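1. can you look at this prediction? I've put the sequence above it.
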Amino acid sequence: MEFPSKLIEDAVNEVSKLPGIGKKTALRLVLHLLKRDEEQTKSLAETLIAMRSKVKHCRKCHNLSDHDLCGICASHKRDRSLICVVEDTRDVLAIENTAQYKGMYHVLGGIISPVEGVGPSDLKIESLIDRLRHPDSDAVKEIILALSPTMEGDTTAFYLQKKLKGFSVKISTIARGVPIGGDLEYADEVTLGRSILSRITYE
Ligand SMILES: [Zn+2]
């Protein structure tokens with residue numbers, strides 16, 4: 001692709017590094033930004049910079065948050081006896097959208113995947129165990145494994161179940177209303193909500 005400007009070329013290259021965006025789409029977006037008010041484009045850039053530098057992981061559940069403690073962990077309205085273990089923040093959003101779950105979360109930051117070189121030590125598993133181990137922590141009665149119904153999700157669930165065995169907590173898994181091989185975030189809200197309510201004991 002021949003560009004009339006080096007600056008436009010640089011912008012197109014940066015935008016096309018985003019997932020799902022090819023060079024053509026990147027060019028369309030860049031030209032759109034050039035057409036818009038300069039102030040609007042500036043505001044977009046500033047928003048992205050602020051988001052990137054200020055968003056952090058909740059120190060308790062590792063969900064993304066503007067504060068040390070996320071809104072869910074800080075809330076007094078949540079049921080602290082339940083922890084729902086998920087792969088990433090998108091799953092928290094999907095489950096919150098169902099409005100069927102009022103417990104806490106624990107975001108692993110991925111799932112065990114030998115193919116991609118992700119092992120248990122790359123995930124927030126120790127901090128989950130810490131939440132059960134510390135006497136000052138919430139009295140957790142149940143851990144709900146809400147992982148994708150894939151081989152990696154199953155491997156992760158099996159590993160967690162072994163690690164959690166020594167604690168007196170019930171371990172359950174969400175009912176498989178979610179399509180096999182599908183991501184949690186793509187399951188429709190009704191199905192996902194129902195699968196959380198009708199969870200089954202992990203065996
Ligand atoms: Zn949190």
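-> Cool, the structure landed. Quick caveat, the model's predicted, so the values are computed rather than measured.

2. which outside residues touch the helix or strand harbouring residue 9?
-> In this assignment (DSSP states H and E), residue 9 forms part of helix 6-15. Here helix 6-15 makes contact (CB atoms under 8 Å, 6 or more residues apart in numbering) with 1, 3, 21, 23, 26-27, 29-30, 33-34. For every residue, glycine as well, the C-beta is placed using N, CA and C.

3. in that helix, what counts as buried?
-> Of the residues in helix 6-15, 11-12, 15 count as buried by neighbour count, 16 or more other CB atoms under 10 Å.

4. near the ion, which residues of the chain are found?
-> 58, 60-61, 63, 70, 73 (CB under 5 Å from the ion).

5. out of those, who's nearest residue 85?
-> Nearest to residue 85 among those is residue 61, at 9.7 Å by CB to CB.

6. so that closest one is in which element?
-> Using DSSP H and E, residue 61 falls outside every helix and strand.

7. list the contacts for it?
-> Counted by CB under 8 Å, 6+ apart, residue 61 has contacts 70, 72-73, 104-107.

8. and the residue lying closest to residue 144 once chain neighbours are set aside, what pLDDT?
-> Once flanking residues are discounted, residue 144 sits nearest to residue 84: 4.5 Å by CB to CB, 6 or more residues apart in numbering. With respect to pLDDT, residue 84 scores 96.

9. again with residue 135
-> Value for residue 135, per-residue pLDDT: 62.

10. cool, and residue 180?
-> 47.

11. re earlier: narrow the contacts of residue 61 to those in helices?
-> 72-73 (DSSP state H).

12. pick the one among the contacts of residue 61 closest to residue 157.
-> Within the contacts of residue 61, the smallest distance to residue 157 is 13.2 Å, found for residue 106 (CB to CB).

13. rewinding a little: nearest to residue 47 among the contacts of helix 6-15?
-> residue 33 (13.2 Å).

14. state whether the closest one is indeed within a helix.
-> Yes: the assignment for residue 33 (DSSP: H, G, I helix; E, B strand; the rest coil) places it in a helix.

15. residues near it, how many?
-> 16 (other CB atoms under 10 Å).

16. then residue 157?
-> With other CB under 10 Å as criterion, residue 157 counts 21.

17. how about the one 5 residues further on?
-> Neighbourhood size, residue 162 [other CB under 10 Å]: 9.

18. helices of this protein, start to end?
-> Going by DSSP H, the chain shows helices at 6-15, 23-35, 38-54, 71-74, 89-98, 126-133, 151-164, 189-197.

19. mind listing what's buried in the second one?
-> Residues of helix 23-35 classed as buried by neighbour count (16+ other CB under 10 Å): 26-27, 29-30, 33.

20. ok now do residue 77, which residues does it touch?
-> Contacts for residue 77 (CB under 8 Å, 6+ apart) come out as residue 102.

21. how far away is it from the ion?
-> Going from residue 77 to the ion by CB to the ion, to the nearest Å gives 14 Å.

22. the worst-scoring helix or strand of the chain on mean pLDDT to helix 89-98, inter-axis angle?
-> Here the helix or strand of the chain ranked lowest by mean pLDDT, DSSP states H and E is helix 189-197, holding a mean of 74. Following axes from the mean of the first three to the mean of the last three CA atoms, to 10 degrees, one obtains 100 degrees for the angle between helix 189-197 and helix 89-98.

23. good, we can wrap up now.
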